[in-house]
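Asker: have a look; sequence and predicted model below, questions after that.
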Amino acid sequence: MGTWLHVGRWHVELLLAEDEGVTTARAVLASAAGGPLEGRGRAESLPGIPVVPEIGDEIAAARALADLSEKLLRAARADLEQVAPWAPTPHRTPATGG
């Protein structure tokens with residue numbers, strides 16, 4: 001990997017709450033690029049399956065982060081449209097950036 005020309009640090013706060021077998025999650029991104037973005041996720045325990053809060057946390061958190069990811073891509077598309085309407089639209093790719 002070459003020298004990085006731009007280095008930024010963004011923070012995501014992940015908030016989890018569980019109530020009667022329903023776990024909700026909020027993923028809040030704070031960045032210098034703009035106002036905060038928020039993703040939400042939810043997980044419910046299924047009848048007959050033991051309630052394991054950690055699993056509900058994982059599912060709700062993953063869904064909140066996926067929701068945040070989609071919102072961030074939409075924001076990037078809108079920003080790109082403003083500065084370079086001819087440019088290709090960014091799409092979801094693997095985490096490796098491929």
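Answerer: Looks like it arrived, so ask away.

Asker: low pLDDT regions in this protein?
Answerer: 1, 32-33, 89-98 (pLDDT under 70).

Asker: what residue of it is the furthest out?
Answerer: In the chain, the residue that sits farthest from the middle, by CA atoms, centre = their mean, is Gly48; the gap is 30.2 Å.

Asker: what's the burial count for His6?
Answerer: His6 has 4 neighbours, counted by other CB atoms under 10 Å. Where C-beta positions appear, they are placed from N, C-alpha and C, glycine not excepted.

Asker: check which helix or strand it maps to.
Answerer: For His6, there is no helix or strand it lies in under DSSP states H and E.

Asker: this protein: strands as residue ranges?
Answerer: Per DSSP state E, the chain carries strands over the ranges 11-19, 22-31, 34-44.

Asker: dump those to a markdown table, plus distance to Leu73 and mean neighbour count.
Answerer: Formatted as a markdown table, the strands of the chain follow (distance: least, CB to CB, whole Å; neighbours: other CB atoms under 10 Å):
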| stretch | distance to Leu73 | mean neighbour count |
| --- | --- | --- |
| strand 11-19 | 15 | 13 |
| strand 22-31 | 12 | 19 |
| strand 34-44 | 11 | 16 |
